[in-house]
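Engineer: Here's a sequence, model it:
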Amino acid sequence: MKPYAESCEQNRDPILEAIMPLFARCRSILEIGSGTGQHAVYFASRMPHLVWHTSDRKAHHEGIQMWLDEAALPNTRAPICLDVIADPWPSLEIDGIFSANTAHIMHWPEVEAMFEGAGALLPQSGRFALYGPFNYGGRYTSDSNARFDSWLKSRDPDSGIRNAEELNALADRAGMIPQGDYRMPANNRILCWERESSLS
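Structural biologist: Numbers count the residues shown, from 1 in each chain. Presented below is the predicted three-dimensional model:
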């Protein structure tokens, strides 16, 4: 049986509405942390102009492949082994990176590795779009996010909602500049960065 996440069904249309213009000129996307594979299939079916590369830790590959096989889309690719801190990053020609609900699950060194890897892989003007809950100025944007953060830390003290300012600092170190910050339902956001032409 294919893995299934209700949250993917709930957030896929708002995310799609936001990323379609962000990736309108892209030809190839790497998704970091494809999870169940639901987002990959849905977004690739609605954006046939691009190739969607899935990736995740090996344990998730079987489920992702089930979704890909069922959809049988010509523009999706089999999952790549990518633990951002443990695996070598793939040699792909991409011009966009997408990741959903990963930064608050990862430990901070993994978040750092994700941004470093994204900056190294993206070409000039390539874009990295990151979906999830974020704090601003060290403050939660809602009571529900505060409760969610407490729940995350009860499961794993090294996880938690990240500060947008700290993510922008990681992006800057990786040669990416803020492109946009988009409000999403359920107190989530999409943060997007664009790869600069050269590191200063």
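Engineer: for this protein, which residue is closest to the average position?
Structural biologist: S99 (0.6 Å; Cα atoms, centre = their mean).
Engineer: can I assume it is in contact with Y131?
Structural biologist: Yes. Taking Cβ atoms under 8 Å as the definition, S99 is a contact partner of Y131 at 7.1 Å. C-beta here means a position set from N, CA and C on the backbone, and glycine is covered the same way.
Engineer: quick one: contacts for S45?
Structural biologist: Applying Cβ atoms under 8 Å, 6 or more residues apart in numbering to S45 gives the contacts A71, L73.
Engineer: Report the rounded mean pLDDT for the helix or strand hosting it.
Structural biologist: Element membership for S45, per DSSP states H and E: helix 38-46. Helix 38-46 carries an average pLDDT of 98.
Engineer: Give the buried residues for it.
Structural biologist: For helix 38-46, the neighbour count (16 or more other Cβ atoms under 10 Å) marks Q38, H39, A40, V41, Y42, F43, A44 as buried.
Engineer: Where is the longest helix in the protein?
Structural biologist: Assignment by DSSP state H gives helix 6-22 as the longest helix of the chain.
Engineer: so the closest residue to F23 other than its chain neighbours bridges to which residues?
Structural biologist: Closest residue in space to F23, ignoring its immediate chain neighbours: G96 at 5.0 Å, by Cβ to Cβ, 6 or more residues apart in numbering. Beta-bridge pairing for G96 (DSSP bridges): I29, R127.
Engineer: Name all residues that make contact with G96.
Structural biologist: Contacts of G96 were listed using Cβ under 8 Å, 6+ apart, and they are L22, F23, C26, S28, I29, L30, L50, L122, G126, R127, F128, A129.
Engineer: What's the separation between the nearest residue to the residue nearest to the centre of the chain once chain neighbours are set aside and I97?
Structural biologist: Nearest residue to S99, sequence neighbours excluded (Cβ to Cβ, 6+ apart): I32, at 4.0 Å. Here I32 is placed at a distance of 6 Å from I97 (Cβ to Cβ, to the nearest Å).
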